[in-house]
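Peer 1: Give me the fold of what follows.
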Amino acid sequence: MRRSRWMGLAMVLVPLLFYAVFMLAPICQSFSYSFYKWDGHSAATWVGLDNYLSFVTDPVLASTLSHVLVLIGFFALLPIVLGLASAALITRRALPGMALFRFIYFLPQVLTSVVVALVFKRLYGPEGPINESLRAVGLGSWTKAWLGDFDWALPALGLIGTWVTFGFCMVLFISGVSSIPTELYEAARVDGAGPLREFFAVTLPGLRSQLAVALTLTITGALRTFDLVWVTTRGGPGTSTLTPAIALYRAAFENPQVGQAAAIGIVMALLCLLIAVAIGRIAERE
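Peer 2: Coordinates of the predicted model:
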């Protein structure tokens, strides 16, 4: 009996120890670094909250937050709207080939982000398929170096995120719709509800938990996005696609400002945590 108790206690304490050593300790260390100006080699200088205030005072860092807001629209809001619409249309009537359809749209979740970024970098290229297609239909004046244009680079990058996350949202919502009792749909139709009213009265409320999961994962994914941006634009042209993750990488490795990098990491971690908690609370309350 004692041995089983000790084994049970060890099974609890060992994971906690690993979590403390490999997660909590680095977080606490980063938090302490964020109050210093330090290049990683020379003596560190105490600067207090200056590294955090730079999000407001430094126009480059401040722009990363506005860029993330745009990416949230492409990475989260647009895929969720498209996923809801697709799930509602697909589940209303059984059609042949739906399994293949779901697989094709879920495929981006299987591919690595680097592969996706390289494919779209080729598609968006000056001589890539997108520009060649525009020239073929007489719209040569619309061609651009999409990822090299100051105005279009961020939306072009955002559409990559839409393509990646749309399939995930659609499959998630389809699985959620399948768990909604059919009696609710039958009752709505008896009451004379059309497809639109049926969606808002039955389908959307029934997908509350799936919506919470989709919002949490896609919004935090937009906040943390690094590989897609790094492979395609590296934050350029200029700083037009610079994100907090890219700014953190540059501050940590290219032009060492360890304190600044730590502050960026702490701010983004807190934002992700607050968003996840807020969405969870709202979903539970509703």
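Peer 1: Mind checking what secondary structure residue 235 has?
Peer 2: The local conformation at residue 235, judged by DSSP: H, G, I helix; E, B strand; the rest coil, is coil.
Peer 1: wait, doesn't it sit right on residue 246?
Peer 2: Yes - with contacts counted by C-beta atoms under 8 Å, residue 235 reaches residue 246, the gap being 4.4 Å. For the C-beta atoms, the positions are set from N, CA and C on the backbone; glycine is no exception.
Peer 1: Common neighbours of those two, please.
Peer 2: Residues touching both residue 235 and residue 246 (C-beta atoms under 8 Å, 6 or more residues apart in numbering): residue 229.
Peer 1: Could I get the full set of helices for the stretch 51-200 of the chain?
Peer 2: According to DSSP state H, counting those that start in this stretch, the stretch 51-200 of the chain carries its helices in the segments 59-72, 78-92, 98-110, 113-123, 129-136, 153-178, 182-190, 195-198.
Peer 1: Make CSV from those helices and add mean pLDDT and mean neighbour count to it.
Peer 2: Output for those, formatted as CSV (pLDDT from 0 to 100; neighbours: other C-beta atoms under 10 Å):
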stretch, mean pLDDT, mean neighbour count
helix 59-72, 93, 17
helix 78-92, 87, 19
helix 98-110, 78, 13
helix 113-123, 93, 16
helix 129-136, 93, 14
helix 153-178, 92, 21
helix 182-190, 84, 13
helix 195-198, 84, 13
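Peer 1: Rebuild these as TSV, extending it with distance to residue 252.
Peer 2: Converted to TSV, the helices of the stretch 51-200 of the chain look like this (distance: least, C-beta to C-beta, whole Å):
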stretch	distance to residue 252
helix 59-72	14
helix 78-92	30
helix 98-110	29
helix 113-123	20
helix 129-136	34
helix 153-178	22
helix 182-190	52
helix 195-198	50
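Peer 1: nearest to residue 33, of the ones you listed?
Peer 2: helix 59-72 (16.8 Å; C-beta to C-beta).
Peer 1: Who are the packing partners of the closest one?
Peer 2: helix 50-57, helix 153-178, helix 208-224, helix 244-249 (3 or more C-beta pairs under 8 Å, 6 or more residues apart in numbering; DSSP states H and E).
Peer 1: packing partners for the longest one?
Peer 2: In this case it means helix 153-178. helix 59-72, helix 78-92, helix 98-110, helix 113-123, helix 208-224, helix 227-232.
Peer 1: Tabulate the ones you listed (a markdown table), appending distance to residue 50.
Peer 2: Shown next, in a markdown table, are the helices and strands packed on helix 153-178 (distance: least, C-beta to C-beta, whole Å):
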| stretch | distance to residue 50 |
| --- | --- |
| helix 59-72 | 12 |
| helix 78-92 | 37 |
| helix 98-110 | 40 |
| helix 113-123 | 33 |
| helix 208-224 | 23 |
| helix 227-232 | 26 |
